[in-house]
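Asker: sequence and predicted model, in that order:
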Amino acid sequence: MAVLVKKVELTWLDRTYVWPVLQGMRITMKHFLKQITTGSRKRFTVQYPEWKREVGPGYRGLHELKRFEDSSIKCVACFMCAEACPARCITIEAEAFGDLLTEQGVIEKRPAVFRIDMLRCIYCGMCEEACPKDAIWLRGDYEQAAYDRLAMQFGKWDLMNTYADKDGKPKITADPTPTVPRKPILT
Amino acid sequence: MPETFWMIAKVVIVFAGPLTLAALLTWVERRGSAMIQDRIGPNRAFLFGRWRLLGLPQLAADGIKFFLKEDEVPQDANVFLFWLAPVLAFVPAVMGFAIIPFGRSFECGGHTYDLSLLNRGNGMGMLYPLAIGAVAVYGILTAAWSSNNKWSILGGMRSSAQMVSYEISMSLAVLAIFMRTGGYDPHQIIAAQTPMWNVVPQFFGFLVFFTAMFAETNRLPFDFAEGESEIVAGFHTEYGSMKFALLQLSEYLHMVTAAALIVTLYFGGWRVPFVAEPTVLLSVLSFVVKLVFFSWVFIWIRWTLPRFRFDQLMFMGWKVMLPLSLGNFLLQAFLMHGRG
């Protein structure tokens, strides 16, 4: 197929070449003056390490494992997220907990190990969508860096505390002993 | 004795002034181009880890980096010429400024002191910077040839062809000025521009000279010595550390000298518009303002225009610039003949 090249008819003024150059110089000078008189905060460039961009609410950044008000983990170790994960980066080992509840015939599960390999994670948000308990969220933190590979293996406590500072929650390193059963006990 | 001191002072001024301006121009080039392209430009160098100063410490950072870089010579390069080339490029660049009067001559104690390194009536006049400008091509060609690199030699050959092509029309444009003035001493040329600057009656000559200056300084849009998009970095592909810095600096020095030539030949040198007899300080200030403005124009045009193709360059050099300057020259000759 032949491509029709559109020929632009140049006026004699355009063909002098000097006038178009002056027009171009006017454009660049306009940009120069605009940029130089704009305050540095109002320019397009975000000076990254000093200023950070606010990300939208739908941003899929670093994960957080959500907790109840009594700081116990919401996750019930159902493995849905691990199954949904296309990168296969989630490792879960489940455990039963609460002697009281076991005696009463209700077994609650929770993850003993919940590990995400952040080097393999593609931040697709499938785990968030798959979770029946809303226990894993992908949130705004996009700055993940570490000095070695091992530091990028986020364990259960890392994941529960990822946004603790931002939300003003205490950092926790152990499961609280549940005092009341989470579900009404059926007798 | 005072003459000796005056001479030394002038040497220091003429050497350090353009060198400082050239160093500043590298900063202006980077920040100015950033502003033109709606960017920020280099601003990460902090003086003593504290003061940013609009990115000016970047100059010091670059200098330190150039000094600390490994000074490598390629295996198959001609070592002697490889070392000689940056000097060959740098020396003519520094020398070119010597003839330019950067202020009004003044009298003191029965002596007339000229504010140019070479006093008036030295017999070389404005032929000197043209000759020096022609020598500058050897630096580039030597750098290109001694690197023993195909990109380098391509860049060097192209740029020498370009310089030779544009030198003819440039010289013809300057000749018309000489004819108008009736002499080629820069002091005479400036004195002859009293009613109006040469740019008005010699507009086409100015266009040719201005364009040729871009070609002579190897600046974009006639950037054929380097041509990053096709021949890596052209003649200085193999250069690193301080040798590269010298080559780069000589380009900016050429720019300063070219701006000074334009100011002297076409914009009345140190003359101030509407002031018949400016004081010495005012005249120096006027010259510096014009010089800085034209240096900025060089940068401004670089970031406005895309590069030419080599055949377009040759077309322009031989088929547009040469007839234009020749016609300008002949017109000037006929006008002078008519006036008798």
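Answerer: It's in.

Asker: what strand or helix carries B:Met21?
Answerer: One correction, residue B:21 is Leu, not Met. Here B:Leu21 sits within helix B:2-36, counting by DSSP states H and E.

Asker: ditto for B:Leu117
Answerer: Residue-wise, B:Leu117 maps onto no helix or strand under DSSP H and E.

Asker: ok so, going back, run the angle between whichever helix or strand comes after the helix holding B:Leu21 and helix B:2-36 for me.
Answerer: Moving toward the C-terminus from helix B:2-36, the next helix or strand (DSSP H and E) is helix B:57-68. Counting by axes from the mean of the first three to the mean of the last three CA atoms, to 10 degrees, helix B:57-68 lies at 110 degrees to helix B:2-36.

Asker: is there proximity between helix B:57-68 and chain A?
Answerer: No - contact of helix B:57-68 with chain A is not found when judged by CB under 8 Å from any CB of the partner chain; the minimum separation is 15.4 Å. The way it works is simple: take the backbone N, C-alpha and C, and place the C-beta from them, glycine included.

Asker: and the helix ranked longest in chain A, what does it pack against?
Answerer: Counting residues, the longest helix found in chain A (DSSP state H) is helix A:18-37. Here helix A:18-37 touches helix B:2-36, helix B:280-302, going by 3 or more CB pairs under 8 Å, 6 or more residues apart in numbering or on different chains; DSSP states H and E.

Asker: and the longest one, what does it pack against?
Answerer: Going back to what we said before, that points to helix B:2-36. helix A:18-37, helix B:57-68, helix B:79-95, strand B:111-113, helix B:241-266, helix B:280-302.

Asker: can you pull the buried residues of it?
Answerer: B:10, B:13-14, B:18-19, B:21-36 (16 or more other CB atoms under 10 Å in any protein chain shown).

Asker: centre of the chain to it, how far?
Answerer: The chain centroid and the centroid of helix B:2-36 are separated by 12 Å, computed with CA atoms, centre = their mean, to the nearest Å.

Asker: distance of the most far-flung residue of chain B relative to its centre relative to chain A?
Answerer: Residue farthest from the centre of chain B, counting by CA atoms, centre = their mean, is B:Gly340 at 36.1 Å. Counting by CB to the nearest CB, to the nearest Å, the gap from B:Gly340 to chain A is 33 Å.

Asker: do B:Leu246 as well
Answerer: Counting by CB to the nearest CB - B:Leu246 and chain A are separated by 30 Å.

Asker: likewise for B:Leu154?
Answerer: Counting by CB to the nearest CB, the gap from B:Leu154 to chain A is 27 Å.

Asker: which ones are touching that residue?
Answerer: B:231, B:234 (CB atoms under 8 Å, 6 or more residues apart in numbering or on different chains).

Asker: cool, and A:Phe79?
Answerer: A:Phe79 neighbours (CB under 8 Å, 6+ apart): A:92, A:94.

Asker: give me the pLDDT value at it.
Answerer: pLDDT, A:Phe79: 91.

Asker: strands along chain A, start to end?
Answerer: Remark: strands assigned in chain A by DSSP state E are A:63-65, A:90-97, A:108-117, A:136-138, A:153-154.

Asker: sorry, that was for the stretch 101-250 of chain B
Answerer: For the stretch 101-250 of chain B, the strands defined by DSSP state E, counting those that start in this stretch occupy B:106-108, B:111-113.

Asker: quick one on the thing from earlier: among the helices and strands packed on helix B:2-36, which is nearest B:Leu330?
Answerer: Evaluated over the helices and strands packed on helix B:2-36, closeness to B:Leu330 peaks at helix B:241-266, with 19.0 Å, by CB to CB.

Asker: could you list the buried residues of the closest one?
Answerer: B:242-266.

Asker: contact partners for the residue nearest to B:Ala22 when sequence neighbours are not counted?
Answerer: Nearest in space to B:Ala22, with sequence neighbours left out and distances taken as CB to CB, 6 or more residues apart in numbering or on different chains, is B:Tyr252 at 3.8 Å. Shown in contact with B:Tyr252 (CB under 8 Å, 6+ apart): B:22-23, B:25-26, B:29.

Asker: next one: B:Gln312
Answerer: Residues counted as contacts of B:Gln312 (CB under 8 Å, 6+ apart): none.

Asker: helix or strand for it, which one?
Answerer: Going by DSSP H and E, B:Gln312 is part of helix B:310-315.

Asker: dump that helix to PDB, keeping only the CA atoms.
Answerer: Output in PDB follows, covering the C-alpha atoms of helix B:310-315 (Å, rounded to 0.1, in the frame of the first residue of the first chain):
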ATOM      1  CA  PHE B 310      25.500  16.400   6.400                       C
ATOM      2  CA  ASP B 311      24.300  17.000   2.800                       C
ATOM      3  CA  GLN B 312      22.000  19.700   4.000                       C
ATOM      4  CA  LEU B 313      24.900  21.300   5.700                       C
ATOM      5  CA  MET B 314      27.000  21.200   2.600                       C
ATOM      6  CA  PHE B 315      24.100  22.500   0.500                       C
END
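
Asker: can you put the helices and strands packed on helix B:2-36 in CSV and add mean pLDDT and distance to A:Gly61?
Answerer: Converted to CSV, those look like this (pLDDT from 0 to 100; distance: least, CB to CB, whole Å):
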stretch, mean pLDDT, distance to A:Gly61
helix A:18-37, 90, 31
helix B:57-68, 87, 33
helix B:79-95, 88, 50
strand B:111-113, 75, 70
helix B:241-266, 88, 42
helix B:280-302, 89, 41
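
Asker: poorly predicted segments of chain A, please.
Answerer: For chain A, the stretches with pLDDT under 70 are A:1, A:98-107, A:177-187.

Asker: try 80 this time
Answerer: For chain A, residues meeting the criterion pLDDT under 80 lie at A:1, A:40, A:69-70, A:96-108, A:175-187.

Asker: count the neighbours of residue 125 for me.
Answerer: Let's take chain A. 16 (other CB atoms under 10 Å in any protein chain shown).

Asker: think we crossed wires, I meant chain B
Answerer: B:Gly125: 21 neighbours (other CB under 10 Å).

Asker: which residues touch the residue nearest to it when sequence neighbours are not counted?
Answerer: The shortest distance from B:Gly125 to any non-neighbouring residue, by CB to CB, 6+ apart, is to B:Tyr184 (3.7 Å). B:Tyr184 makes contact with B:125-127, B:178 under the criterion CB under 8 Å, 6+ apart.

Asker: pLDDT added to those residues, as CSV?
Answerer: Below are those laid out as CSV (pLDDT from 0 to 100):
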residue, pLDDT
B:Gly125, 82
B:Met126, 84
B:Leu127, 86
B:Phe178, 87
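
Asker: ok, B:Thr237 touching B:Trp151?
Answerer: Yes - using CB atoms under 8 Å, B:Thr237 is in contact with B:Trp151, at 5.0 Å.

Asker: any shared contact partners between the two?
Answerer: B:Ile231.

Asker: which parts of chain A sit against chain B?
Answerer: A:18, A:21, A:24-25, A:27-29, A:31-32, A:34-36, A:40, A:43-45, A:47.

Asker: if we use 7 Å, what do you get?
Answerer: For chain A, the residues in contact with chain B (CB under 7 Å from any CB of the partner chain) are A:18, A:21, A:24-25, A:28-29, A:31-32, A:35-36, A:43-45.

Asker: now the buried members of the residues you listed.
Answerer: A:24-25, A:28, A:32, A:35.

Asker: how near is A:Arg60 to A:Met126?
Answerer: Noted for A:Arg60: a distance of 10 Å to A:Met126, by CB to CB, to the nearest Å.

Asker: out of the helices and strands packed on helix B:2-36, flag the one nearest A:Ala145.
Answerer: Nearest to A:Ala145, of the helices and strands packed on helix B:2-36 and by CB to CB, is helix B:57-68 at 24.8 Å.
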